[in-house]
Structures are given as structure tokens and as C-alpha cells.
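**Student:** Next comes the sequence, and after it the predicted model I'd like to discuss.
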Amino acid sequence: MKLEIKDAPGQLLAALKPISDVGGNIIAVIHQRDEKHRGGMLSVQIVLELPEQRLKELTRMIREQGVNIQRIGHERLLYQKAVMLIGHLIHTDLGDTVDRIDCTGFAEVTELNISMPAITQVSSARLLIKAVNKEDMEQAMAILRRVAKEKEFLLVEPLEEIE
Amino acid sequence: MRVALLGMGSVGRGVLQMIEEKDLGICVTAVADSRSALIDKDGISIDEVLEAKARNGFCGDRSLTAMDVVTGAVYDVLVEVTPTNADTGEPALTHILSALEKGHHVVTSNKGPISRDFSRIRSLAAAKGVQVRYEATVGGAIPVMHMLEHGLAGNRVLAIFGVLNGTCNFILTRMAAEGLTYEQALLEAREMGYAEADPTYDVKGIDPAIKLVILANTFCRKPVTLEDVDITGIDLLTNDALRLAEEQHCTIRLIAEAIPDRGILRVAPRLLPLSHPLVVEGTLNAITIETDMAGEITLIGKGAGSVETASAIIGDLLYIRDFHAERHPKKA
């Protein structure tokens, strides 16, 4: 979201505090000092994660602090992961494989690149999966692991080091 | 320091050659292969024993066995470098336990006994006040055990990720670089002498899983076994998958992974960015250790080879000599 705040000490904090109060997670704060507006106001862009139903409450709380919200952008699926699937992807109903992720509501297959060399040979596919948050991504991966086992696919997951 | 050596394969011969070439203060008082043995408390002639092995296919007296060496020879350290038996660990396990029981240090490259009976071996060594060292079991020449035990002493190991099988890494490198099929790359690995006639242990991920067990038992308090590892090999991978990965500036490597806090022990092909430190070429091995104090440390090196493995064995021998045994002058 893009906020307009007074260029005075404590104002940024006043704008940020409600975010943690409603359980949001601030990912980035971009401070645009060169872009001064009328009456010494500053534009600040904040990238954050928030449970969808808390957004209304948050905007109310921020406005109560005297901060003007200029714009709220919306990217629902923030987490993405590319994986490979190798096996008889077509003959085991590719639509169903994708659907098992899509039907969760919290994760989607947003890209699919597939290579099918010959009818008797196995296919290889790269899937891009997006999810609302990390936990949902982990759940989506668990579903994919189950599907891979059931349909005898080799699932190649990315190596992600621990934080 | 007096050494008795079991196993005259590529590793055993490499160890003998390096002891002979370098003035390390190590005296070999006995050797054994699968068919014979040679014992001399004043030190055997390494040149002669290597020549006899090359000429006859065995090293010494056909009436003597490895067990005669373990129980009858005069030595400070038993060097056990016979081939791995992953199912029972035998006969190496019995030889190691007998040597420890008699109060001798043990240095081994044998993954069988160390992965299967680590607790038993370690507790017997502790009870007898002797050392068991096994640097050569994992990562060939890479001194990962020394790093874990000494270099990173006091750190808590949060995770280990490794490319621990040179054969698989060679196959994946060739599939990615030349667009070879898995079968073609495997054939090439065989021709180069990197893959066994029966490559199952490598390509199904069992060999790296055994090495992961050894690593995990070295840095985790809770003992683990091969049955605890979730294993997927590389034999179902396609060159199409590698190409699709490359389009995203990624590639696929067989990664062994241990994250104790999450109970993860896994060997599986994984997608990695091409710039990742674990993306090494050919038969190289690589190991990343993540710790609480030191952060991330990656070691890369040769995972196999006669002299490379001898480097790990000799490192262990000299560690024992310097910290746990008296130096014994080399016999002329």
C-alpha cells in the first residue's frame, strides 16, 4: 500500500504500528523523500502480508492515526516455487494433477511447461506453484508429494536452505 | 607409530604408497587382503608387498588371514580399508570390534560398519580409551569429519546438505551439458570407470544415504540408521527435466540433506540455481554445513580415488599419532 504521512518524527512509526497490531508482516518499507507533496507530506510504500479479512480493520486503524492511504495494491499469492514432475503425466490425467493444487483455494499452478518426447516415454514438466503464504505452500507441496506417490511421478523439489 | 592394514584394493595400495613416499613416521607391521596376510613386527617392506600383490594377486602368506593380523600382529592402529558390505558390515565389523577390544585405535574407510553399528563401535572405543576415525567414509578427500569435530567445535550444526556421490553427479553433469539420456550418461560413467557394473547403490541413492547416516551420527545426539532416510535416486530423471531446469537458470543435483530440528533425513534429486555452491561438476563432492556461530561453510573436493582417499586415511592416522599415541620410529 502507498501511504501519505507528515514529515515529522514518529509519524512513520504511527503508520506502521497498526500493521503489527493486526498480525501483519512487513516485508519492505520504501521511503520516498524526494517526492514531497503539499503541506510537507511524504509518500511511503509498504509491502506487507496480512490475513485477508484483517485489511478493513487495518485501513481504519491507519486512518485513525491521521495517515492518508493513497493506494492499496493486491497480490494474493506471494509465495512461489518451481518444481519438476517426471512420469506418465498425460495418461494419469494432468488436469486432475493441477486441479488438486488449484482446488485448495490457497495455492495455484500458474505455469506449466511440459515436454512429451514420445507416446511410450515419460513426460517431464516444470510447474510454477504460487501460494498465499509459506504454510500454505508447504501444504500444497504435501499434496503434490501425495499425488506424485499415487501416480508414480518423480517429484523434484527446489533445495531451500533453512533460515 | 605401527600400523596394520586390512585391504589391498585401490585405497589400501594408495595408503601404502603414500606411507612409503612420505616420511610420516608410520611403520607398517602387517597387511592382509582377502586371500593372504603378511606380519612382521619390525616392519614389512612396502615395495615388496605391492610388487607381490601386482604379480600374484595376493600380498603374502596364504595360510594367514586378516583375523590373524588383527589378533596376532604388533600394532598401534588398525587401518581397515576393505570394500563396503552395506548389509552386514562384515567381516570388517568383527575386525574393527576385535581390534578395539584389544585396545588398538582404528582408522577405516569402510561405510558398512560405521553406518550400521556406530553406537556399538563408538562406545567400545570409549570404554577402551582408543580412537575410531572414519574421515574416508564420506566425501573422499574432503576433511568433513575434522571440520565437524574440530574446526567447528562448539557450533551447533543446524543442517547439512551434500553432493556425496560422484557417480550420480557425473551422470547429472553429463545429462545437463550434452543432453545425454540417463542411460547414455550411465554408460559413459561405466566406460570412465566411475560406475560399478551394478550401479544400483549409486543411482538409487543408497550410497549417499549411507554417507548421510554417518554424517548425521557424527553431529546429532540421536542415533539414526539407513531405514530413517527418505531415499529417491536419479534413475528416473530425464534430459528434458534438466533442460526445463536450465531454462530457469537451474539444474538438478542429487542432494543428501539432514536437518535435525525438523527430523529431515533425505536423499533426493533437487532443483538448484546454477550459481549455488553445491552445483559442482563431474565426480566432485560438495558439502555445506550450516551452524549457529559460523553460519554456512561449503567444502568442495574429490570424492573418490586412491591417493585422494589415502589423504583422508593418513589425516586420521596423523591425528591419532599427534594427539593419542606415541610416535614410533620408522624401520629402515
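**Tutor:** Arrived safely.
**Student:** List the contacts of residue 53.
**Tutor:** Unless you meant another one, I'm taking chain A. By CB atoms under 8 Å, 6 or more residues apart in numbering or on different chains, the contact list for residue A:53 is empty. The C-beta positions use only the backbone N, C-alpha and C, and glycine is treated the same way.
**Student:** look at chain B instead
**Tutor:** Applying CB under 8 Å, 6+ apart to residue B:53 gives the contacts B:8, B:13, B:33, B:59.
**Student:** Longest helix in the chain, please.
**Tutor:** Since you didn't name a chain, this refers to chain A. helix A:134-150 (DSSP state H).
**Student:** Hmm, no, I was thinking of chain B.
**Tutor:** helix B:306-324.
**Student:** average model confidence for that one?
**Tutor:** In this model, helix B:306-324 has an average pLDDT of 94.
**Student:** quick one: buried residues of that helix?
**Tutor:** For helix B:306-324, a neighbour-count test (16 or more other CB atoms under 10 Å in any protein chain shown) marks B:306-317, B:319-321 as buried.
**Student:** Please enumerate the strands of the stretch 201-332 of chain B.
**Tutor:** Applying DSSP state E, counting those that start in this stretch to the stretch 201-332 of chain B gives strands spanning B:230-231, B:250-259, B:264-273, B:284-291, B:295-302.
**Student:** Ok, chain A next?
**Tutor:** Under the criterion DSSP state E, strands of chain A are mapped to A:2-6, A:25-37, A:41-49, A:68-71, A:79-87, A:107-115, A:123-131, A:154-158.
**Student:** Direction included, what does the fifth one pair against?
**Tutor:** Spelled out, it's strand A:79-87. strand A:123-131 (antiparallel), strand A:154-158 (antiparallel) (DSSP bridges).
**Student:** Export those strands to a markdown table and append columns for mean pLDDT, distance to residue B:66 and mean neighbour count.
**Tutor:** Below are these laid out as a markdown table (pLDDT from 0 to 100; distance: least, CB to CB, whole Å; neighbours: other CB atoms under 10 Å in any protein chain shown):
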| stretch | mean pLDDT | distance to residue B:66 | mean neighbour count |
| --- | --- | --- | --- |
| strand A:123-131 | 94 | 48 | 22 |
| strand A:154-158 | 96 | 42 | 21 |
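**Student:** among those strands, which is nearest residue B:157?
**Tutor:** strand A:154-158 (22.1 Å; CB to CB).
**Student:** Any chance you could list what contacts that closest one?
**Tutor:** Residues contacting strand A:154-158 (CB under 8 Å, 6+ apart): A:81-87, A:141, A:144-145, A:148, B:232, B:236-237, B:241, B:250, B:252, B:268-272.
**Student:** Which residue ranges of the stretch 1-150 of chain B form strands?
**Tutor:** For the stretch 1-150 of chain B, the strands defined by DSSP E, counting those that start in this stretch cover B:2-6, B:27-32, B:37-39, B:77-80, B:105-108, B:132-133.
**Student:** What parts of chain A come near chain B?
**Tutor:** By CB under 8 Å from any CB of the partner chain, the residues of chain A that approach chain B are A:82-84, A:86-87, A:113, A:115, A:117, A:122-126, A:154, A:156-159, A:161-162.
**Student:** again, 7 Å this time
**Tutor:** Within chain A, the positions lying close to chain B (CB under 7 Å from any CB of the partner chain) are A:82, A:84, A:86, A:113, A:115, A:117, A:122, A:124, A:126, A:154, A:156-159, A:161-162.
**Student:** re earlier: now rank the contacts of residue B:53 by neighbours and give me the top one.
**Tutor:** residue B:8 (28 neighbours; other CB atoms under 10 Å in any protein chain shown).
**Student:** got the strands of the stretch 1-150 of chain B as CSV, with mean pLDDT, mean neighbour count and distance to residue B:53 columns?
**Tutor:** Converted to CSV, the strands of the stretch 1-150 of chain B look like this (pLDDT from 0 to 100; neighbours: other CB atoms under 10 Å in any protein chain shown; distance: least, CB to CB, whole Å):
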stretch, mean pLDDT, mean neighbour count, distance to residue B:53
strand B:2-6, 97, 28, 12
strand B:27-32, 97, 26, 9
strand B:37-39, 96, 23, 10
strand B:77-80, 98, 28, 16
strand B:105-108, 98, 28, 20
strand B:132-133, 97, 24, 25
